[in-house]
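*Asks:* How does the following fold in three dimensions:
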Amino acid sequence: MDAITTSVEAEDAPVRRGFPPLLPDPAMLWAMFRRRLWLFALIWALVAVGIAARTFHQVPQYSATSTLVITPARSDVVDGVRGVTAPIQPDSAAIETEVQILSSPALAGRVADALHLERYPMFGGQAGAMLQDEGASTEPGTHPLARALASHMTIQRVGLSFVIAISATTPDRHLSAAIANEYVKEYIDQQSSSKNAATHAISGELQGKLDDMEKKVVAADSAVQAYKIQHNLMSTEGSTMAEQQVSTLSGQIASAQADLADKTARLATARQQLAHGGGGQDVGATLASGTVSALRTREADTTQRLADLTTRYGELHPDVQKTRKELADIRSQIQHEIDRIISNLSAERNASASRLASLQGSQAGAKGSLTSNNSAMVGLQELERKAEAARSVYLAFLNRSKETVSQEGIAQPDAKVDSLSRVPVLPSSPNIPLAILFALVGGPVAGMFGIALAEYLDGKVRTKQDVEHKLRVRYVGGVPELKSTLGRLRNNQSPQDYLVDHPMSAFAEAFRGLRAALMQRGRQMPSVIAVTSALPREGKSTTSICLARTMVSSGSRTVLVDCDIRRRSVSEALLPRDWSGLLDYLAGTKTLEQAVFKDPKSDLRILGSTVAPDYARDLFADRGVEKVLDELREHFEVSVLDTAPVLGIAETRAIAAAADSTLVLARWRRTSMKAADAAVEMLLGANAHLRGLALTMVDIRRYASTGYQDVYSYHKKFKGYYQN
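*Replies:* Model prediction:
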C-alpha cells in the first residue's frame with residue numbers, strides 16, 4: 001500500500017478547481033474544532049474562572065447620583081461695567097470643560113477634607129488619617145486621598161444637555177450619597193470663590209500696574225527735561241556758540257591758506273631753480289645766506305690761487321694738488337648749506353599745511369556740533385511722544401481698575417443644583433445572574449473566537465484539504481520527514497542515501513507513491529518532470545534526488561538535472577568537486593553523454609555543475625530550453641529537473657512551461673498559503689503543465705492530529721509492511 005495519498009484523474013483536466021462553496025464544510029469545521037479542542041477548553045475555563053473570581057471577590061458597591069445644571073450668567077452684573085471673569089458659553093466644549101473641572105484632583109481634595117474621608121476603611125482608615133495629618137499643609141489639589149476618591153467617582157454629561165451627573169460608588173451607601181451631594185456643593189462654592197478671588201487678584205494686579213505706570217509717566221517727563229539740558233536746547237534764540245566758533249575758524253583758515261600758498265610757492269621756485277642747474281647759486285634764500293656768501297668768497301680766492309700755482313709749477317706739483325683738494329672741500333660745504341636751506345623751506349611749508357589741517361578739523365567739529373543741535377530736536381520730539389503715550393496707558397489702567405473694584409464680592413456661579421442624591425437601597429454591583437450568563441455564553445464564544453484566530457493566524461499549508469480547497473490544486477502526496485518514520489531508531493544517513501539502502505522503508509514507499517502520482521497522467525506518460533517550490537529551503541533538492549533514484553529503481557532510464565545553478569544543492573550533494581558538466585554541455589564543448597555523471601549508488605545519471613557560471617545570463621541563454629529538453633527526451637525515459645524557487649527566479653517559469661509535468665512542493669506547516677498560492681498562479685500564468693502540489697518534511701506523528709482522514713492517520717496500522 002502506498003504511504004502517500006494521491007489525487008489523480010484519469011484524463012487531463014484543469015489544474016485549479018472551482019471556487020469553494022459559500023458555506024464551509026461541516027466536516028472541515030468539526031476537524032478544525034477537534035484539532036483545537038484543547039485551546040477551546042482552555043479559553044472557556046479561563047473565562048469562567050475569571051468571571052467567577054471577579055464576581056465572588058467583589059465587595060457590594062452602592063451608587064448614588066446627584067445632578068447639577070450649567071446656567072451661563074451675565075457678564076455685566078453691574079450695568080455698563082464689564083465682568084472680570086468671562087461667563088461659560090452655551091456650547092458642548094464649555095460643558096465638557098466643566099466635566100473635567102469636576103473630575104479634577106483639587107475638587108476631590110476639597111470633598112475629602114469636608115467629609116473627613118480618612119476615617120473610612122476604604123480610604124485607609126487609621127492610615128488614611130495619618131496621611132491626612134501629614135498632608136494637612138498641602139493644597140487641595142495635592143490631597144493624599146484625592147486620587148483614591150476619584151477612583152470611586154463617575155462624572156459625565158447627560159446626553160447633549162447642560163446637565164452633569166455626578167455618581168459616587170462605595171461599599172457604604174450613606175457615604176456614596178454624601179460624596180455625590182458634597183461634590184455638587186463644593187463645585188458651586190468653588191465657582192463663587194474662584195470668581196471673587198479672580199476679581200480681587202485682578203484688582204490688586206491692576207493697582208500694581210497703576211503704580212508702575214505712574215512711575216513710567218514721571219520718568220518720561222524727567223527724561224524730556226534732562227534731554228533738553230544735555231543737548232543745550234533750553235534756549236535756541238540768536239547765534240549759538242557753535243555758529244560763532246565756525247565763523248572765527250573760517251577767518252583763521254583763510255589766513256592759514258594764504259601762508260601755506262606763499263611757502264609752497266617759495267619751495268617750488270627753489271626746487272625749479274635746482275632742477276635747471278647752477279647748484280642753487282641763484283636760489284633767493286641761498287643768496288640771503290651769510291654762510292654761503294663767505295664760502296663763495298673763499299671759493300673765489302682758492303680758485304685764483306690754484307690757477308697761479310698751476311701756471312707756475314704744473315699739474316703734478318704737491319701744492320697744486322693740495323689747493324685743488326681745498327677747493328673741492330669748499331664747494332662741498334657750499335652744496336651742503338644750499339641743501340639745508342631747501343630742507344628748511346620744505347619744513348616751513350609742512351608746518352603751514354599742518355596748521356591749516358588743524359583749523360579745518362576744528363571747523364568740522366564746530367559744524368558737527370551745530371548739526372547735532374538740529375538733530376537733537378528730533379530726539380526731543382520722540383521723547384515727548386513717549387511721555388504722552390505713557391500718560392494715555394496710565395489713564396486706561398486707572399479706568400479699568402475702577403471698574404474691577406466695583407465687581408468685587410458680587411460674582412455669581414455659572415451652575416445650580418438640579419437634584420441631590422438619596423441614600424441607595426440596592427447595590428449596583430456585583431450582578432451575579434449577569435455574571436453566570438457571561439460565563440455560559442462568553443466562554444464558548446471566546447473559545448470559538450480563539451480557534452478562528454488561531455486558524456487565521458496560522459496561514460500555513462498543512463493538509464490535503466488546504467491544498468485542494470484553499471489553493472485549488474491537486475494534492476499528489478506528502479513526503480514524510482525521515483526522522484518521523486523511524487520511531488526510536490537512530491540514523492545518521494542523508495535521506496537520499498537512506499532511500500537507497502532501505503528500499504522497503506516507509507520513507508522509500510512515500511516516494512514510490514509520489515512517482516505513481518506523477519507518472520499517471522491520462523494516456524500520456526510525462527517524460528520531463530520539473531520540481532519547484534515557492535521559497536528556498538522547502539526540501540526541493542532532497543525530494544528531487546529521492547524521486548529520481550526511485551524512478552531509476554523502477555527500471556526507467558533517468559537523468560537528474562540541477563537547474564538551480566545559483567544554489568547547486570543537487571550538484572554539491574552528488575557530484576565531485578570542480579565538475580562543470582552542465583555548463584560545458586550548454587556551452588557546446590561537451591556532448592550530453594560526456595556531461596552527465598553516473599550516481600555511484602544507483603544507475604541515475606546526473607547533469608549538473610559544482611562550478612558557478614562566470615556570466616550573469618540565464619542558464620539556457622545559449623541553448624534554448626526546448627532544445628535541451630528534446631535532447632533529454634531522446635536519451636532518457638524520465639528527466640527530473642530540480643529548478644530554483646519560482647517566486648524568486650524568473651527562469652524557473654520558462655523551464656516549467658517547457659516540461660511535460662510540473663510538481664510544486666510546499667514545506668508542511670512552514671510554507672505560507674500566500675506564497676504557495678502566488679507560486680501556483682505564476683506557474684499557471686506561464687502555461688506550465690502543473691501536475692499538483694506535494695507536502696514535504698511531514699511529521700507523520702503530528703499529522704494525525706489534524707483530524708483529516710489521510711493515510712498518515714492510519715500510519716501505525718501499517719508498521720508490519722515497512723522495514724526501517
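*Asks:* CA atoms for contacts and neighbours, from now on please.
*Replies:* OK.
*Asks:* what about the most centrally placed residue in the chain, is that helix, strand or coil?
*Replies:* A centroid search over the chain (C-alpha atoms, centre = their mean) returns L457, at 29.7 Å, as the residue closest to the centre. Here L457 is helix, with the state taken from DSSP: H, G, I helix; E, B strand; the rest coil.
*Asks:* In this structure, what residue spans correspond to strands?
*Replies:* Using DSSP state E, the strands found in the chain span residues 62-70, 153-157, 163-170, 415-419, 475-480, 528-533, 558-562, 597-598, 605-607, 638-642, 661-667, 690-698.
*Asks:* For the residue nearest to the centre of the chain, give its distance to M673.
*Replies:* 11 Å (C-alpha to C-alpha, to the nearest Å).
*Asks:* With L102 instead?
*Replies:* 55 Å.
*Asks:* for D418, same thing?
*Replies:* In terms of C-alpha to C-alpha, D418 sits 63 Å off from M673.
*Asks:* same thing with A644?
*Replies:* Counting by C-alpha to C-alpha, the gap from A644 to M673 is 19 Å.
*Asks:* Give me the more crowded residue out of those two.
*Replies:* Remark: of A644 and M673, A644 carries more neighbours, 28 against 20, as counted by other C-alpha atoms under 10 Å.
*Asks:* Double-check the more buried one against C563; I have them as touching.
*Replies:* Yes - using C-alpha atoms under 8 Å, A644 is in contact with C563, at 6.8 Å.
*Asks:* which ones are touching the residue nearest to the centre of the chain?
*Replies:* By C-alpha atoms under 8 Å, 6 or more residues apart in numbering, no residues touch L457.
*Asks:* So what's the gap between the helix ranked longest in the chain and the chain middle?
*Replies:* Of all segments of type helix in the chain, defined using DSSP state H, the longest is helix 318-407. Averaging C-alpha positions (C-alpha atoms, centre = their mean, to the nearest Å) puts helix 318-407 64 Å from its chain's average.
*Asks:* A548 contacts D562, correct?
*Replies:* No - taking contacts as C-alpha under 8 Å, A548 lies outside contact range of D562: 11.6 Å.
*Asks:* got any residues that touch both of these two?
*Replies:* With C-alpha under 8 Å, 6+ apart, A548 and D562 have no common neighbours.
*Asks:* May I have the residues that are in contact with F438?
*Replies:* I51.
*Asks:* For V59, see how far away it is.
*Replies:* F438 is 19 Å from V59, by C-alpha to C-alpha.
*Asks:* Equivalent analysis for L607, please.
*Replies:* 80 Å.
*Asks:* I'd like to know which helix or strand in the protein has the lowest mean pLDDT.
*Replies:* Lowest on mean pLDDT, DSSP states H and E among the helices and strands of the chain sits helix 126-134, with a mean of 51.
*Asks:* Just want to know which of L607 and V59 has more residues nearby.
*Replies:* L607 (27 against 13).
*Asks:* I'd like the distance from that one to K598, if you could.
*Replies:* 9 Å.
*Asks:* Run a quick neighbour tally on the residue nearest to C563 when sequence neighbours are not counted.
*Replies:* With sequence-adjacent residues excluded and distances taken as C-alpha to C-alpha, 6 or more residues apart in numbering, C563 is closest to T643, at 4.8 Å. Neighbour count for T643, taken as other C-alpha under 10 Å: 26.
*Asks:* Provide the backbone phi and psi angles at T643.
*Replies:* T643 adopts backbone torsions of phi -100, psi 170, taken as degrees, to the nearest 10.
*Asks:* ok, it - contacts?
*Replies:* By C-alpha under 8 Å, 6+ apart, the neighbours of T643 are A530, V531, T532, D562, C563, D564, T652, I655.
*Asks:* Contacts only, for the third one.
*Replies:* For T532, the contacting residues are K540, D642, T643, A644, P645, V646, T652, T662, L663, V664, L665, by C-alpha under 8 Å, 6+ apart.
*Asks:* Including pLDDT, could those residues go into JSON lines?
*Replies:* Output for those, formatted as JSON lines (pLDDT from 0 to 100):
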{"residue": "K540", "pLDDT": "95"}
{"residue": "D642", "pLDDT": "96"}
{"residue": "T643", "pLDDT": "95"}
{"residue": "A644", "pLDDT": "94"}
{"residue": "P645", "pLDDT": "95"}
{"residue": "V646", "pLDDT": "95"}
{"residue": "T652", "pLDDT": "93"}
{"residue": "T662", "pLDDT": "96"}
{"residue": "L663", "pLDDT": "96"}
{"residue": "V664", "pLDDT": "97"}
{"residue": "L665", "pLDDT": "96"}
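*Asks:* Quick check: the residue of the chain most remote from its centre vs K322, distance?
*Replies:* Largest separation from the mean C-alpha position in the chain: R312, at 118.0 Å (C-alpha atoms, centre = their mean). Going from R312 to K322 by C-alpha to C-alpha gives 15 Å.
*Asks:* try F620
*Replies:* Distance from F620 to K322, by C-alpha to C-alpha: 122 Å.
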